[in-house]
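Undergrad: here's my sequence, what's the structure:
(chains A and B)
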Amino acid sequence: MKAYSIPIALLLLFILFSTIGSRQHPAGGKIILSGTCPPGFELNENNECESRNLYLQYSSLYDKGVGGLKTALPEARHKFSPQQIDLGRYLFFDPVLSNDNSISCAGCHNPDLGFSDGLPQSHGIKGSVLPRSAPSLWNVAYLRTFFWDGRSSSLEEQMEGPLYSEDEMGTTPEELLSKLNNISEYRNLFAQAYPVRGASDDISLNEIYTAIAAFESSLISLNSRYDQYAHGYHAALSQQEIEGMNVFRSFVARCAECHTPPLFTNQQIAVIGTPSPEGLPFDPGAEIPYANKDLRGGFKVPSLRNIEKTAPYMHSGNFKTLREAVAFYTKGRGHAVPEDENLILHWHIWEPDLSEEELDRLVDFLKTLTDETFKPRIPEVLPSGLQVLVN
Amino acid sequence: MRGVLLSLFLFVVGLVIGWQFLSKTSAPPPPPVQYSNEDGGTKGTIPSFFNAETGRIFEVKDGESIQKAVTESNPGDMIRVYPGTYNETVYIDKDKITLQGVISGGEWPTLNGEKQLNDAFLYSGNGILIENFRIIDYKGNGIMGQAGNNFVLRNNWIVDAGVYGIFPEFGKNGLIEHNVLSGIEDAAIYVGMCDNIDVLYNEVYESVAGIEIENTRHSLVEGNYAHDNTAGILVFITPGLPIKTCYDVIVRNNFVVNNNTENFGAPGSIVAGVPKGTGLLVMAADDVIIENNIITGNDNAGIAITDHVFANLTSDPESEPNPDRLVILDNIMFDNGNDPVADVKALMLTQMSNKGPDIIAVGGGVGSTIRNKDRYRTFGLGGYGPARITNTSSVRTFLLDEPVAPREITALERSKLTYYGICAGCHAYNVRMIGPPTITLQALYKDNPQGIADYIAAPIRRREDYPEMPPQNYIDEETRLEVAKYMLSITE
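TA: Residues are numbered from 1 along each chain as shown, chains lettered A, B, ... in the order given. A predicted model of the protein is given here:
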């Protein structure tokens, strides 16, 4: 079964990474959480990991983190302790967080698939199929809203969705606490990550949420070839890729108007009218959480960083390739909107009449946004004793 | 059917009368708006922030490539372009580059997109100056800037450049002056999500919108001639954009005349909903002062003021939808409203008028004022009190006295950002990652940061048990040395 195989690439990665981070004693010994920050962070005197990257050289209007090449990012979620980040890593990969111990967070957010899962619509426990695809977690430290429909405003709030949804991980707060508190290794790890409270205190929900948010916030991808260009090394991109970048930011294609550098999202809701998958009802998207009919069919503009790795594309994975995804925008405003829907499409959705060559160049450019140099290490052994499952 | 229409009409009339009644009684007194600063900034229109650098001068002649010169140029350089036809998109991802057309014997250097190319000029750098170009037949923009500060775009002649003629976005401190633009299917001059922008002495015509100031603060629109567009000058908050406000805009001494061109905006675009015949349109923007304009011959209305609800735009909970604290000072207005659009006509009929108004305000908004209201034919200004100021003469410009400075960053800070932001992906202090531990490298390169700086630019494989290091030549030489020094200095 595919889900139980670990790709060879991962094994190689294990070997490469095998001496950094938390140390694991064989034969049921205690795990010691890492005291070192992940790459992209500097440890400060308060034992907090502070975000460090070249975009901190720049500023942005009103600190919104939108603009051009040398523009600052939005403010990051950071300053978690290295121990909390490392604990979050164990929790993230541990299927003990699901009701039947069958899936972990990484089941839908696989580091080898751009922290998504390669599926048009993600799968939950007991074979359930969800209505939408799994968003990538790269650079979530910079996001203000979560889920495709933008219904939650923090990572902590977001994770309660999949944890407790019957169709996803299917656990309950009581079950989760009971399971983790009964695993002595986790009691030990939480005591390391939260040294202020009593070492024998019970694990709390907030401690779990904080640790997972800490790990997710450490997933930074800002060293792509595009970034090298942005910081001033223009030889980083080929002529074709530069042509693609110019199509991307031109006001004909208008990609950069919503997928604004440097994060490649302006974090707004946009109604663009992508098709629903065969046999599925129309997805009202942001209309529901915002209680706003104007936003019917609206979804959060996703970041395009590592987009090459997260096929298929759009909220329910309708487009198998980047080429199909970019071609959507030139097929006519509203061409895929069902006849009985009267959507208020975003004004940037129009008929740019891009040539086949321009679409190819756009794809060339999008692939320059790939950077997985800070991909985290997958634990070899889990505190629960369960096997690591990624997709 | 007719009965339904009539009752609908009466319902609307009732609503409007009710709204007017309510707004008359509920509008709070306007807060004072003062421009008492006698020294309103720099004098004149030549920006003090733009000092020509003494860089190299490139000369580009007909048949040569402007982009080639840009690629070879460095900050401070000037590129002079001679008369001729240039079919290219010029992108400038560098700071302080001047592109200067040379007009000779009436012949202009012409960038011609032949309706094949998207944009004539794209820039992202700071301190960009573009002047004296003729730009025709592009599909996207004549000049588009993304996040460049301290720019000057002047003396350009732009015809049918596509969606926007001149379009700075996310920029601070910029001057747009003495340009002539026509045949643009959205806004001829579009200032989007910017701060401190002066738009002076431009002629904009036969476009859907002449000048649009959108989600922008501290902007002076002065001395422009906006004629024969669908609408002359727009000051907007557009919902759904990441920067949500538009305020502190002065529109003065402009000619806003005969803007009665059929709307040819792209379906679905915001300007496609702008009624033709509108001189000046304020939507949701705050603290806009309208002074000393000549606004005549606009068949729908001279000045129209609306909120997002009336304009039927997607609501954005983070955008405040009402135009607040507008100030209308003396303006010359006549011959407006000869052929109002249906909505406006219906509203005017409630006042027993067949003509459109000089000034109309619909929807919400508080604290607005007007001087000499009785001079004009108005609708919906019941809540407007008398203006507290008489003129804006103390404000000469919204340009800054000093250029926007880049964020100050020390060499040490930059080396830390580089070390933790890039090097740390492969090197940890005392444990093996993808590359050797930093502590090992410290022993190897003790007192020799230059050795590290040289090695990382062009690494060769030295250790069988480690993968080959990719070259870090994209980091500039100075930073490579700084980060090498930092790497040798850390102790944990």
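Undergrad: only C-alpha atoms from now on, for both contacts and neighbour counts.
TA: OK.
Undergrad: okay, B:A27: pLDDT?
TA: The model reports B:A27 with a pLDDT of 43.
Undergrad: how about B:C246?
TA: We have a pLDDT of 96 for B:C246.
Undergrad: SS state for residue 308?
TA: Going with chain A. helix (DSSP: H, G, I helix; E, B strand; the rest coil).
Undergrad: residue contacts, it?
TA: Counting by C-alpha atoms under 8 Å, 6 or more residues apart in numbering or on different chains, A:E308 makes contact with A:322, A:366-367, A:369-370.
Undergrad: nearest spatial neighbour of the closest residue to chain A within the stretch 151-300 of chain B, skipping sequence neighbours?
TA: Nearest residue of the stretch 151-300 of chain B to chain A (C-alpha to the nearest C-alpha) works out as B:S269 at 4.7 Å. Distances taken as C-alpha to C-alpha, 6 or more residues apart in numbering or on different chains put A:W347 closest to B:S269, at 4.7 Å, once the chain neighbours are dropped.
Undergrad: re the thing from before, contact partners for the residue of the stretch 151-300 of chain B closest to chain A?
TA: Residues near B:S269 by C-alpha under 8 Å, 6+ apart: A:347-348, A:350.
Undergrad: pLDDT below threshold where in the stretch 51-200 of chain B?
TA: Along the stretch 51-200 of chain B, the parts satisfying pLDDT under 70 run over B:51-53.
Undergrad: helices of that one, residue ranges please.
TA: Secondary structure of the stretch 51-200 of chain B (DSSP state H, counting those that start in this stretch): helices located at B:66-72.
Undergrad: how about the residues of it by chain A?
TA: B:91, B:93-94, B:118-119, B:122, B:124-125, B:139-141, B:144, B:146-148, B:163, B:169-172 (C-alpha under 8 Å from any C-alpha of the partner chain).
Undergrad: before we move on, what about the stretch 251-400 of chain B?
TA: Residues of the stretch 251-400 of chain B lying near chain A (C-alpha under 8 Å from any C-alpha): B:266-270, B:314-315.
Undergrad: for the stretch 101-250 of chain A, what lies in contact range of chain B?
TA: So the stretch 101-250 of chain A meets chain B at A:223, A:228, A:232-233, A:235-236, A:246-247, A:250 (C-alpha under 8 Å from any C-alpha).
Undergrad: my read: A:P312 touches A:F319, true?
TA: Yes - between A:P312 and A:F319 there is a contact at 5.5 Å, judged by C-alpha atoms under 8 Å.
Undergrad: compare those two (neighbour count), which wins?
TA: It is A:P312, of A:P312 and A:F319, that has more neighbours when counted by other C-alpha atoms under 10 Å in any protein chain shown, with 24 against 21.
Undergrad: name the nearest residue to that one, sequence neighbours excluded.
TA: A:K320 (4.4 Å).
Undergrad: tell me how many other residues crowd the one you found.
TA: A:K320 has 16 neighbouring residues, counting by other C-alpha under 10 Å.
Undergrad: ok, A:N110 next?
TA: For A:N110, the neighbour count with other C-alpha under 10 Å is 23.
Undergrad: where does it fall, phi/psi-wise?
TA: The phi/psi pair for A:N110 (degrees, to the nearest 10) reads phi -80, psi 120.
Undergrad: any idea how far A:L137 is from it?
TA: From A:N110 over to A:L137 the distance is 9 Å, taken as C-alpha to C-alpha, to the nearest Å.
Undergrad: identify the contacts common to these two.
TA: Common neighbours of A:N110 and A:L137, using C-alpha under 8 Å, 6+ apart, are A:S116.
Undergrad: tell me the pLDDT of residue 278.
TA: Just going to use chain A. 84.
Undergrad: not quite, go with chain B.
TA: pLDDT, B:T278: 97.
Undergrad: quick check: bridge partners of it?
TA: Counting by DSSP bridges, B:T278 is bridged to B:A231, B:A301.
Undergrad: correct me, but it touches B:H227?
TA: No - here B:T278 does not reach B:H227: they are 10.6 Å apart, not a contact under C-alpha under 8 Å.
Undergrad: show me the strands in the stretch 301-450 of chain B, by range?
TA: B:301-306, B:327-328, B:332-334, B:359-362, B:369-370, B:378-379, B:385-386 (DSSP state E, counting those that start in this stretch).
Undergrad: I figured the residue nearest to A:P312 hits A:K309, correct?
TA: No - applying C-alpha under 8 Å, one finds A:K320 not in contact with A:K309, separated by 11.6 Å.
Undergrad: residue 285: neighbouring residues, count only.
TA: Unless you meant another one, I'm taking chain A. A:G285: 24 neighbours (other C-alpha under 10 Å).
Undergrad: looking at chain B here, not the other one
TA: 32.
Undergrad: got the buried residues for stretch A:93-107?
TA: Residues of stretch A:93-107 classed as buried by neighbour count (16 or more other C-alpha atoms under 10 Å in any protein chain shown): A:93-99, A:101-107.
Undergrad: so for the chain, the centremost residue is which one?
TA: Picked chain A for this. A:L137 (1.2 Å; C-alpha atoms, centre = their mean).
Undergrad: looking at chain B here, not the other one
TA: Centre-most residue of chain B, counting by C-alpha atoms, centre = their mean: B:V191, 2.2 Å.
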